[in-house]
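Engineer: Turn this into a structure:
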Amino acid sequence: MVSDQELGNDLVELGACPYNILGVPERSDEYKQAFRALILKNHPDKNVDKQGSKEITQRLNYAKDCLDRREWKDAY
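Structural biologist: Next up is the predicted model:
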């Protein structure tokens with residue numbers, strides 16, 4: 001799991017709301033289901049030939065980490 005400092009910096013650099021990254025409505029509790037579906041679809045081990053799958057997976061992980069932490073989730 002990434003540290004709070006790394007998580008905050010990375011999300012600011014991404015410039016995106018974690019809900020938007022996961023493609024769910026804001027304040028939705030469906031983000032865990034969306035994360036699972038997207039991570040299976042875009043995981044680098046399943047998509048060896050796909051360019052950028054590692055970066056997509058990192059973005060998805062940051063978004064889920066953000067929403068899993070109450071203090072970060074409340075900010076969104």
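Engineer: Which stretches in this structure count as helices?
Structural biologist: 4-14, 18-22, 31-42, 53-68, 70-73 (DSSP state H).
Engineer: which of those helices sits most buried?
Structural biologist: Highest mean neighbour count of these: helix 18-22, a mean of 21 (counted as mean count of other C-beta atoms under 10 Å). Any C-beta I mention is one placed from the backbone N, CA and C, and that applies to glycine too.
Engineer: If you average the pLDDT over it, what comes out?
Structural biologist: Averaging pLDDT along helix 18-22 gives 88.
Engineer: can you check stretch 44-63 too?
Structural biologist: On average, the pLDDT along stretch 44-63 is 84.
Engineer: First-to-last residue distance for that stretch?
Structural biologist: 17 Å (C-alpha to C-alpha, to the nearest Å).
Engineer: For Tyr19, give me its contacts.
Structural biologist: Contacts for Tyr19 (C-beta atoms under 8 Å, 6 or more residues apart in numbering) come out as 25-28, 31, 63, 67, 76.
Engineer: cool, Leu38 as well?
Structural biologist: Per C-beta under 8 Å, 6+ apart, neighbours of Leu38: 22-23, 60.
Engineer: quick one: which of the residues you listed is nearest His43?
Structural biologist: Leu60 (9.3 Å; C-beta to C-beta).
Engineer: Excluding chain neighbours, what is closest to Glu30?
Structural biologist: Spatial nearest neighbour of Glu30, excluding adjacent residues (C-beta to C-beta, 6 or more residues apart in numbering): Val24 at 5.0 Å.
Engineer: show me what contacts that neighbour?
Structural biologist: So Val24 contacts 30-31, 34 (C-beta under 8 Å, 6+ apart).
Engineer: For those, give me CSV that also has pLDDT.
Structural biologist: Formatted as CSV, the contacts of Val24 follow (pLDDT from 0 to 100):
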residue, pLDDT
Glu30, 89
Tyr31, 90
Ala34, 92
